[in-house]
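Q: I'll drop the sequence and a predicted model, then ask my questions.
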Amino acid sequence: MDRLRRALFWLIVGLTALFLLLPTLIIVPMSFTTTTTLEFPPVGFTLDWYGKVIGAADWQSALINSLVVAIAAAALATVVGTAAALALHAHRFRGKTVVMGLLLSPMVTPVIVLAVGMYMVFSGWGLVATRLGLVLAHTVLAIPFVVVSVLASAGMVNPSLVPASLGLGASRWFTFKRVTLPLIMPGVLSGAVFAFITSWDEVVIALFLADVQTRTVPIMIWNQVRTNLDPATAAVAAILILLSALGVLLSYKFRDVRS
């Protein structure tokens, strides 16, 4: 009976995973077709569409913009999110729940609402159509993922280690650098990976804040879908899927190291 229940459980899990992943993964074989239109099953096999993407100036510009914005947003979100998570973990104060809710609110607020709000604010600051504006906007989206990840890591640290280090004469900075940071590093790295993925895949806010010079890869895909959908778009989508999958695998690797 137990074997039957276990087999039924994994069957349901497998079918659910297939239902969720199949619409995403089906785009990968379509990117190798030899035809000029998207077809499934694909006709023939070629890497020409990947070469077209790599060699096109507009795709190169979008890729550079995406990488610069994602790396900068991930770095900034990691620093701010880690500091916020450690402060929330170490201190008890009135309004702590409110602060936590504000930090995590971008995860539950509709992206279109954030996009409109950021456009209204950033337009007054002159940050629309700039990389800096995209970096700041994506940082806001990414901070919650870092906060959650670092809080989980900080909760597994022995609370007596920091007082012991301070009691032995170490400074707070030395204690953070040599005691706290190494212990929470898997959570920090995991949060940084999710922050990068959040920025890398984001399109709604980018549509509001970017122009032709600062458009990212998701914006290029969106424009291609609306105007000229061809296998080159599928090739870019396959690259995005690969990078996102690698990011998720890295985050799980960091969590395994922590455990």
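A: Structure received.
Q: give the ranges of residues in the chain that sit below the confidence cut-off.
A: Applying pLDDT under 70 to the chain flags the ranges 1, 251-259.
Q: show me where it has its helices.
A: Remark: helices assigned in the chain by DSSP state H are 2-25, 27-30, 48-55, 57-90, 96-108, 111-125, 131-154, 161-167, 172-175, 181-201, 204-209, 217-227, 231-258.
Q: neighbours around the nearest residue in space to residue 216 that is not next to it in sequence, how many?
A: Nearest residue to residue 216, sequence neighbours excluded (Cβ to Cβ, 6 or more residues apart in numbering): residue 66, at 4.3 Å. C-beta here means a position set from N, CA and C on the backbone, and glycine is covered the same way. By the measure other Cβ atoms under 10 Å, the count of residues near residue 66 is 24.
Q: for residue 66, give me its contacts.
A: For residue 66, the contact set (Cβ atoms under 8 Å, 6 or more residues apart in numbering) comprises 199-200, 216-218.
Q: what's the most distant pair in those residues?
A: The span of the contacts of residue 66, defined through Cβ to Cβ, is set by 199 and 217 at 11.0 Å.
Q: which one of the helices of the chain lies nearest to residue 40?
A: Closest among the helices of the chain, using Cβ to Cβ: helix 27-30, at 5.5 Å.
Q: quick one: buried residues of the closest one?
A: Within helix 27-30, the residues that qualify as buried are 27-28, 30, counting by 16 or more other Cβ atoms under 10 Å.
Q: between those, which sits nearest residue 205?
A: Distance to residue 205 across these (Cβ to Cβ) is lowest for residue 27, with 23.2 Å.
Q: distance to residue 245 added to the buried residues of helix 27-30, as CSV?
A: CSV is the format used below for the buried residues of helix 27-30 (distance: Cβ to Cβ, whole Å):
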residue, distance to residue 245
27, 13
28, 11
30, 17
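Q: from residue 61, how far off is the residue nearest to residue 172 when sequence neighbours are not counted?
A: Spatially, and ignoring its direct neighbours in sequence, residue 172 is nearest to residue 166 (7.1 Å; Cβ to Cβ, 6+ apart). For residue 166, the distance to residue 61 equals 50 Å [Cβ to Cβ, to the nearest Å].
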